[in-house]
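>>> below is the sequence, then the predicted model.
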Amino acid sequence: MEFIEFLNKIEVEIIQMVEKAGYKTAEDTKLCLLSEKYVGFLDRKEKEIIICTSNAKKREGYTLLRNKNKNSYDRTALHIKKALRHEAVHVAQECNNGRLLKIDRKLSMNPSKINALKGSIRISGEEEKERQAYILEDKPRLIKNELRKYCL
């Protein structure tokens, strides 16, 4: 899977934890065709995190052949890492019987994520779960703690 090339060690550890919890990872499935703006999904029924690598690359203008621009690589990598982390939060929520995680109430979502939050709510219909995933997607160590607490 190509998306793994964009990850750091901590995201690889998150994948390993998600797999121990009984979830798989997939790349560029039909769900990714919903819109180019989506970079990740959790298919609860299939117990699968889906990363839309092609969408992330298109959004950031990254192509191996035409554009070896470090900036577009870094932005693509950031989108993929955040998508993986975001979906891993949903895995932890699922491991918590589909409930919100007990995280510090002082943690807040970056206001720049409002439009992304709205798009996620349109798909999932679960505002608080999405808000929690957007809050935690920038905190990989916290995500690992939550996966450990609820899934392993």
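Arrived safely.
>>> which SSE is immediately downstream of the helix or strand of the chain with the lowest mean pLDDT?
Of all helical and strand segments in the chain, the minimum by mean pLDDT, DSSP states H and E falls on helix 114-124, at a mean of 91. Remark: after helix 114-124, the chain's next helix or strand is helix 127-136, criterion DSSP states H and E.
>>> identify each buried residue in that next one, please.
Lys129, Glu130, Arg131, Gln132, Ala133, Tyr134, Ile135, Leu136 (16 or more other Cβ atoms under 10 Å). The C-beta positions use only the backbone N, C-alpha and C, and glycine is treated the same way.
>>> where exactly do the strands run in the protein?
Counting by DSSP state E, the chain has strands at residues 24-27, 40-43, 48-51.
>>> out of the ones you listed, the one nearest Ala88 is which?
Closest approach to Ala88 among those is made by strand 48-51 (7.0 Å; Cβ to Cβ).
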